[in-house]
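[1] Got a predicted structure here, sequence first:
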Amino acid sequence: MFKKEKIKDLHYSVNGVITADELQNAADEILTEYGKKAKMPGFRPGHIPLSILRQKYNASAMSEAIEKLMNNDLNKYVAEKNIRLAGAPRADLSKWEMGQDAEYSMEFDILPTLPAIDLEKITVTKKTATVEKSEVEKSLENIRKSRSIAEKQPDDYVAQNGDTAVIDFKGFVGDEAFEGGAAEKHHLVLGSGAFIPGFEDQVVGHKSGDEFDVNVKFPSDYHAENLAGKDARFAVKVHEVRKHQLPELNDELAKSVGHESVEKLREHIQNILTEQYNEASQREMRNELLDVLADKVKLDLPETLVAQEYNMAKQEHDRTSKANSDAKWDEKQERRDAERRVKLGLILAEWGTQNKVEVTRDDLQQAVWAEASRYPDPKQVFDFYNKNQNALAMLRGMIFERKALDAMLTHVKTKEKVVKPEELFKQADVH
């Protein structure tokens, strides 16, 4: 166990000693296990003398033994004190020499204890809005557009927003073509926003047979990191331009999208829009509750987590500032923002765990599908999460926090406020 300890708030500094005999015994156990499978000329597997194993592998076994014994000391200490680590400890063993007792020091931060939060004393505003008839009719018009027939136009017809251009394209960053940036005979609806900003605008005004370059910049938050914020050139060829003819708004159209009649379709749209309004209202309440929690709950913060959050934000800033020279870094504000994120993260993690909030497989799949639907090539998003477990873990954490917030909102008081629909969509998602 540790011989000395120094505790200041959430920061612990401890000292321990592992005797030379303890260390060699632990190393011998490791060597013995290794010897059961090791192959060495002149010896049968499992029959290599310990003295021979020591000669060849003792240094490696000692290193593993020290780590094991230090972790054993730490685990016993943490259990005895009933504390939880906020991150990996920093160990110092710089004075140790082979054959001597191993004197070491270790520093670490612990997680704070969440104070009781009386949610019933918190009141948030629940904004409500009525779905207007014009919104339903706009959605019906969009359905007509989605079911429109695209008729090929004469070769001298100039493409306009709303038309479909049948194009070949190939993307380059510098002189290098990039993966996933090429297609042939692709049907692109101009003005749909399906491609990155600026691409479709540069196809408008061209006609069948035109060959030209489109110059764009990938968004700084583009999911493919090798392309995010980069300037790109697309070589484009237009094969044909098609103009859309809208179908009549009748029961036949309604049946083509799975509804008995136009009236049933209107009811369905009304319900969908109502759900969207409700989700926007819920998002506003989440944000308001976060503001209250950040302001009212008193919580010591582990410096390890704050520094980690701050450094991550700084790295992201440095990456995106290459594409945006106007981006400034305010150290004090960013420090406050990092503290806020850590504080809210700890509150939601602890409260959610205490109240058995869980992220299901369906929750995760729906979130990945929702993100993938925002990109022209959903497969790239699926591949990204399949290959990047850290990103998947971050997504799981975001879902957990949202579900924890929603669970908290079932305990707070609400006051209703009727607003116009556009007011529900002013704010970004949970901050």
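    Thanks, I have it.
[2] Apart from its neighbours in sequence, what residue is nearest residue 424?
    Distances taken as CB to CB, 6 or more residues apart in numbering put residue 280 closest to residue 424, at 3.8 Å, once the chain neighbours are dropped. The C-beta positions use only the backbone N, C-alpha and C, and glycine is treated the same way.
[3] Also residue 84?
    Excluding its sequence neighbours, the residue lying closest to residue 84 (CB to CB, 6+ apart) is residue 111, at 4.5 Å.
[4] dump the residue contacts of the one you found.
    Neighbouring residues of residue 111 by CB atoms under 8 Å, 6 or more residues apart in numbering: 10, 83-86, 302, 346, 350.
[5] Which strands or helices does the host helix or strand of residue 386 pack on?
    Under the criterion of DSSP states H and E, residue 386 resides in helix 378-387. On a contact count with 3 or more CB pairs under 8 Å, 6 or more residues apart in numbering; DSSP states H and E, helix 378-387 meets helix 361-372, helix 389-409.
[6] Could you pull out the helices in the protein for me?
    For the chain, the helices defined by DSSP state H occupy 20-35, 50-81, 133-146, 199-203, 251-256, 262-296, 303-321, 331-354, 361-372, 378-387, 389-409, 421-424.
[7] Make CSV out of these and add mean neighbour count, mean pLDDT and distance to residue 226.
    What follows is the helices of the chain, written out as CSV (neighbours: other CB atoms under 10 Å; pLDDT from 0 to 100; distance: least, CB to CB, whole Å):
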stretch, mean neighbour count, mean pLDDT, distance to residue 226
helix 20-35, 17, 92, 41
helix 50-81, 15, 92, 36
helix 133-146, 14, 92, 33
helix 199-203, 19, 96, 18
helix 251-256, 15, 93, 41
helix 262-296, 16, 95, 32
helix 303-321, 15, 91, 12
helix 331-354, 17, 96, 26
helix 361-372, 13, 92, 18
helix 378-387, 14, 89, 11
helix 389-409, 16, 95, 15
helix 421-424, 14, 88, 37
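[8] Between those helices, which one is closest to residue 105.
    Ranking these by proximity to residue 105 (CB to CB) places helix 50-81 first, at 10.3 Å.
[9] got the angle between that closest one and helix 20-35?
    Helix 50-81 and helix 20-35 meet at an angle of 120 degrees, taking axes from the mean of the first three to the mean of the last three CA atoms, to 10 degrees as the criterion.
[10] Restricted to buried residues, select the contacts of residue 111 in PyMOL.
    PyMOL command restricting the contacts of residue 111 to the buried ones, with burial defined by 16 or more other CB atoms under 10 Å:
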select buried, resi 10+83+85+86+302+346+350
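[11] Would you mind giving the contacts of residue 111 as TSV with distance to residue 333 added?
    Shown next, in TSV, are the contacts of residue 111 (distance: CB to CB, whole Å):
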residue	distance to residue 333
10	23
83	32
84	30
85	29
86	23
302	21
346	20
350	26
